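[1] Sequence and predicted model, in that order:
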Amino acid sequence: MKHYDSPGSPGLKRLAIYILLLALVFKLAFILFSGERVYYDVNLSITHGKALFDKPGNQVRLILPGVKTYVGSIAWYKLYEAFGVYGLKAYNVAAFALLFALQYSIGRKYFPNRVTAAALFIFAFYVGTNLNVAAGEQDDMTAALFFTLGVALYAYGRGAFLAALVMSAGVLFKYTAGIYATGFIIYLIYTRDIRQLLLALAGLTLPFLCLNLFTGFSSMGKLVRISNLKRNIFSPENLFHYKFFSTGMLLFLLLPAWGVLRDRSRPNVLLFCLSSVYIVFAVVTFNTYSSGFHMMQSVLFSSFLVAQVLFMGTYPGGVKAGRIFRVSVLVLYLLVTTSITLRNLSRDTIPVNQYQFRYKKLPHNPFIGPGDPVKQHPMP
């Protein structure tokens, strides 16, 4: 693997602490700016959790229609009931700190200090990270935690089965988190390690199989339905193009591809497979719904490859970039992501309403068919 450190570079642990403290200051500022406003999905999760406690007789399955199980909604509603909106946001802050620590552990295992530090900075101040912490859904942060923990376990040699099992636990909180499991499988196919591939497949399918056995395989059908629904209703063409560029999908696909083409080491290939699989999925399905959460997870991995490009000794044409250039790029990145975060927080968030009917303008709830009994729907 190429070496990017200089003899005078500060210790990684100290850099990581500085970056984390600065990121926490920004996150707290974003939380104060947004106040008690949150994204719709937070509202919806609390609504489902409240309905489960208020009308338990109407809940026939431990599964939300098409997106997740009730595990998260139960926990987040009780957390909201005890500590309010700021209790939910405090959970997001704690989850972010854990994700930061896991990214640090992956970087410490695979990469030189400066590359890891730059990757931590890129992830910590990415727009999707800011928005998920300040106003996002706790299910998203939890799913990201499980998946990243699985990757860290694999990096430290704990085996494909355990790593995949931990990764797939995130599916209980967000079905679409399973998209990233495809990237892990693609990487194992690349390594041609059939034994590890089979173990990983077993670990990935076991939790979802148990869930489907419990719910009479309704989870699988509803997962397919929600995929079609998101593509047809929630991701119109203009929204797709806006999300594709505003979330940096193109940038975080091209730069990591450049990085992995320069250095095809196994860690680089693994991180490229994990980070690019969602972007490819979004393009193929023309679906960028919930892209903020998915891109946060992607950037956690792709930031290492972007950092390697940033610290290249010589660029095409013989151009050499110095420290001023690299610092300027990171400062500009911070300014851009901060401005986009503030814009989205002011435009896309709403106050919490436990009785929110998000789909009341549609002829029927889109997560269930027109002929399905409405009494099974978990909203009050």
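    Nice, thanks for sending it over.

[2] now the spatially closest residue to Phe208 that is not a sequence neighbour: how far from Ala29?
    In space, and not counting its chain neighbours, Phe208 is closest to Val171: 5.7 Å by CB to CB, 6 or more residues apart in numbering. Backbone N, C-alpha and C define where each C-beta goes, glycine included. Val171 sits at a distance of 33 Å from Ala29 (criterion: CB to CB, to the nearest Å).

[3] Neighbour count: those two, which is higher?
    Taking neighbours as other CB atoms under 10 Å, Val171 and Ala29 compare with Val171 leading, 23 against 15.

[4] Leu206 is in contact with that one, correct?
    No - applying CB atoms under 8 Å as the test, Val171 and Leu206 come out as separate, 10.6 Å apart.

[5] Low-confidence ranges, the stretch 1-150 of the chain, go.
    1-10, 55-70 (pLDDT under 70).

[6] related to what we said a few turns ago, report pLDDT for the residue nearest to Phe208.
    We have a pLDDT of 78 for Val171.

[7] Just list the residues touching it, thanks.
    143, 177-178, 207-208, 211 (CB atoms under 8 Å, 6 or more residues apart in numbering).

[8] Which member of those residues is positioned nearest Ser302?
    Among the contacts of Val171, Ala177 lies closest to Ser302 (CB to CB), at 16.6 Å.

[9] and that closest one, what are its phi and psi?
    Main-chain dihedrals, Ala177, degrees, to the nearest 10: phi -60, psi -20.

[10] roughly how far apart are it and Leu330?
    29 Å.

[11] Those two: which has the busier surroundings?
    Ala177 (26 against 15).

[12] That one contacts Leu145, doesn't it?
    No - look at Ala177 against Leu145 with CB under 8 Å: they stay out of range, at 10.3 Å.

[13] what is in contact with the two at once?
    Shared contacts of Ala177 and Leu145, counting by CB under 8 Å, 6+ apart, come down to Gly170.

[14] low pLDDT regions in the stretch 201-350 of the chain?
    Looking along the stretch 201-350 of the chain with the criterion set at pLDDT under 70, you get 211-212, 214-239, 289-290.

[15] Which parts of it are strands?
    350-351 (DSSP state E, counting those that start in this stretch).

[16] what ranges do the helices span in it?
    218-229, 237-246, 251-262, 266-285, 291-310, 323-348 (DSSP state H, counting those that start in this stretch).

[17] Comparing those helices, which comes out most buried?
    helix 291-310 (a mean of 26; mean count of other CB atoms under 10 Å).

[18] Can you dump the C-alpha atoms of that one in PDB for me?
    These are the backbone C-alpha positions of helix 291-310, laid out as PDB (Å, rounded to 0.1, in the frame of the first residue of the first chain):
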ATOM      1  CA  SER A 291     -30.200   9.100   0.100                       C
ATOM      2  CA  GLY A 292     -29.000  11.200   3.100                       C
ATOM      3  CA  PHE A 293     -28.700   8.200   5.300                       C
ATOM      4  CA  HIS A 294     -27.300   5.900   2.700                       C
ATOM      5  CA  MET A 295     -24.700   8.400   1.500                       C
ATOM      6  CA  MET A 296     -23.600   8.900   5.100                       C
ATOM      7  CA  GLN A 297     -22.900   5.200   5.300                       C
ATOM      8  CA  SER A 298     -21.200   5.300   1.900                       C
ATOM      9  CA  VAL A 299     -19.000   8.300   2.800                       C
ATOM     10  CA  LEU A 300     -17.800   6.600   6.000                       C
ATOM     11  CA  PHE A 301     -16.100   4.000   3.700                       C
ATOM     12  CA  SER A 302     -15.300   6.100   0.600                       C
ATOM     13  CA  SER A 303     -13.700   8.900   2.600                       C
ATOM     14  CA  PHE A 304     -10.500   6.700   2.900                       C
ATOM     15  CA  LEU A 305     -10.200   6.500  -0.800                       C
ATOM     16  CA  VAL A 306     -11.000  10.200  -1.300                       C
ATOM     17  CA  ALA A 307      -8.300  11.000   1.300                       C
ATOM     18  CA  GLN A 308      -5.700   8.900  -0.700                       C
ATOM     19  CA  VAL A 309      -6.500  11.000  -3.800                       C
ATOM     20  CA  LEU A 310      -6.100  14.100  -1.800                       C
END
